[in-house]
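>>> Just a sequence and a predicted model for now, questions to come.
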Amino acid sequence: MECTETGMRSYITEKNRVNSTEKIELKKYNPKLRKHTLHKEVQKLK
């Protein structure tokens, strides 16, 4: 997952792609900013 404010990728998640096709958006802790920010799902790194 990637932070919408800093662009930092600090979380890895898995989801059931059959039941949920939309991208996940969660509030997660950003250690660089030391606060909770919105994180969105992005493509996996290869």
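Yep, it's here. Numbering: from 1, shown residues only.
>>> In terms of pLDDT, where does the residue positioned nearest the centre of the chain sit?
What sits nearest the mean C-alpha location of the chain, by C-alpha atoms, centre = their mean, is residue 1, with 2.3 Å. pLDDT for residue 1: 91.
>>> what about it, distance to residue 37?
Per C-beta to C-beta, to the nearest Å, residue 1 is found 11 Å from residue 37. (C-beta placed from N, C-alpha, C; glycine too.)
>>> Residue 2 now?
Note on residue 2: its distance to residue 37, by C-beta to C-beta, is 10 Å.
>>> Repeat that for residue 18.
The value you get for residue 18 to residue 37, if C-beta to C-beta is used, is 29 Å.
>>> and these two? which has more neighbours close in?
Between residue 18 and residue 37, residue 37 has the larger neighbour count (other C-beta atoms under 10 Å), namely 15 against 6.
>>> For the more buried one, list each beta-bridge partner.
residue 28 (DSSP bridges).
>>> just checking, residue 15 touches residue 26?
No: here residue 15 lies out of contact with residue 26, judged by C-beta atoms under 8 Å, at a distance of 10.9 Å.
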